[in-house]
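Enquirer: Show me how the following folds:
(one chain, ligands or ions: 2)
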Amino acid sequence: MSLLEVENLKVYYPIRGGILGQVHNYVKAVDGISFSIEDGKTLGLVGESGSGKSTTGKAVIGLAKITAGQIRYQGEDITNYVGKNRSPYRRGVQMIFQDAYSSLNPKKRVIDIVAEPIRNFEHLTSKQERKRVEELLDIVGLAPENVLKYPHEFSGGQRQRIGIARALALRPKLIIADEPVSALDLSVQAQVLNFMKDIQQHFNLAFLFISHDLGVVEHMCSDIAIMHKGRFVEVGSKNQIYHQPLHIYTKRLIAAIPNKNPSMREEMQRVRERVAMEYSLKRNQYYTKENRVYDLKKISDNHYVALP
Ligand SMILES: Nc1ncnc2c1ncn2[C@@H]1O[C@H](COP(=O)(O)OP(=O)(O)O)[C@@H](O)[C@H]1O
Ligand SMILES: [Mg+2]
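Expert: Ligands and ions are numbered 1, 2, ... in the order given. So this is what the prediction gives:
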């Protein structure tokens, strides 16, 4: 039994128009995706901006209304409870966001930010609460005297650590991390990613790790789903996705990763040109007449590609 199983998830946003504001169409932000996450493991969700990654994360945690599909947590169908407070699911699944500054209330002190989820679930004395928050700050590498400070007194990387401390407050089993380091400088990115891996090991945490950046995902994830137009074009192990990509969209994403090794630059340029050529000749074969991504076909163990 997986920790989380998502089956045929759809999230459609209505587009309203006219004087009466009637619904005349839908944005199919997420259009029939399925995946599962095991205890302590990380699934990477990758795609360009607008492909439906954040909507997927929000649907799983109850911040976006599910149009269709099912979510199971520890084997139990919780589709109708995802947004409900105080359920075991709300305790077990937490989210961290790209922009820690806008997701942390600027008018609140760190103690109130980090303790907020605890207050929803437990009744601690203020002394007990303070101790818990100080422990959480210690876990994320911040000194206890920071409890009385405000978000603006911290750097971007430190704020992301405060967001992580809050997410950890209820000892969750799964953290949905939506572009958690995309707003940070490169040097700070590596620190926060390494730190996330440490706490993952320590708490046997699972991550749904959302990113547009394949370089970051490679560092974090054993399994990767590539998303495009609200659908999955390819799902596989890190190795399959990086070294045997089969969908033209995945190939393009991989070819576009900037190469850090200067001696590989010419080689990468040739790969890029070859993929661009293949794309212009064969793109249509990878999408339906309606320009939709096909359903996934099993290619080998763990490797699925959207092909006719
Ligand atoms: N609240 C919303 N109302 C209407 N459309 C939305 C809303 N949120 C996202 N969308 C649309 O859904 C699509 C997927 O968005 P999103 O999930 O944010 O993608 P990503 O995180 O991959 O950039 C986009 O076309 C976006 O404009
Ligand atoms: Mg997003």
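Enquirer: Please report how far the nearest residue to residue 84 once chain neighbours are set aside lies from residue 127.
Expert: Excluding the flanking residues, the one nearest residue 84 by CB to CB, 6 or more residues apart in numbering is residue 90, at 6.8 Å. From N, CA and C alone the C-beta is placed, and that goes for glycine too. From residue 90 across to residue 127, the span is 26 Å (CB to CB, to the nearest Å).
Enquirer: for the strand or helix carrying residue 266, packing partners?
Expert: For residue 266, the element it lies in under DSSP states H and E is helix 265-282. Contact here means 3 or more CB pairs under 8 Å, 6 or more residues apart in numbering; DSSP states H and E; on that basis helix 265-282 packs against helix 248-255.
Enquirer: So what are the sheet partners of the strand ranked longest in the chain and their directions?
Expert: Counting by DSSP state E, the longest strand found in the chain is strand 22-37. Sheet partners assigned to strand 22-37 using DSSP bridges are listed as strand 4-17 (antiparallel).
Enquirer: list the buried ones in the strand it pairs with?
Expert: By neighbour count with 16 or more other CB atoms under 10 Å, strand 4-17 contains the buried residues 4-7, 9-13.
Enquirer: Ok, stretch 124-133 next?
Expert: By 16+ other CB under 10 Å, the buried positions in stretch 124-133 come out as 129-130, 132-133.
Enquirer: on that earlier part again, taking the buried residues of strand 4-17 together, which two end up most distant?
Expert: Spanning the widest gap among the buried residues of strand 4-17 are 5 and 13, at 24.1 Å by CB to CB.
Enquirer: wait, doesn't residue 55 sit right on residue 29?
Expert: Yes. Using CB atoms under 8 Å, residue 55 is in contact with residue 29, at 4.1 Å.
Enquirer: Find residues that contact each of those two.
Expert: Applying CB atoms under 8 Å, 6 or more residues apart in numbering, one finds that residue 55 and residue 29 are jointly contacted by 11, 64, 230.
Enquirer: which residues in the protein form strands?
Expert: 4-17, 22-37, 42-46, 68-73, 76-77, 93-96, 174-178, 206-211, 223-228, 231-237, 296-300, 303-306.
Enquirer: Return the list of helices and strands in contact with the fourth one.
Expert: Counting contacts by 3+ CB pairs under 8 Å, 6+ apart, the secondary-structure elements packed against strand 68-73 are strand 4-17, helix 88-92.
Enquirer: mind redoing it with 6 Å?
Expert: Applying 3 or more CB pairs under 6 Å, 6 or more residues apart in numbering; DSSP states H and E, we find strand 68-73 packed against strand 4-17.
Enquirer: mean confidence score for the strand it packs on?
Expert: Averaged over strand 4-17, pLDDT sits at 95.
Enquirer: what does it rub up against?
Expert: With contact meaning CB atoms under 6 Å, 6 or more residues apart in numbering, strand 4-17 is reached by 23-37, 55, 59, 64, 67-73, 174.
Enquirer: what's residue 118 in contact with, if anything?
Expert: Residue 118 touches residue 169, counting by CB under 6 Å, 6+ apart.
Enquirer: Swap in 10 Å and give it another go.
Expert: Contact analysis of residue 118 by CB atoms under 10 Å, 6 or more residues apart in numbering lists 124, 128-129, 132-133, 136, 166, 169-170.
Enquirer: Write out the residues of this structure neighbouring ligand 1.
Expert: 13, 27, 29, 47, 49-55 (CB under 6 Å from any ligand atom).
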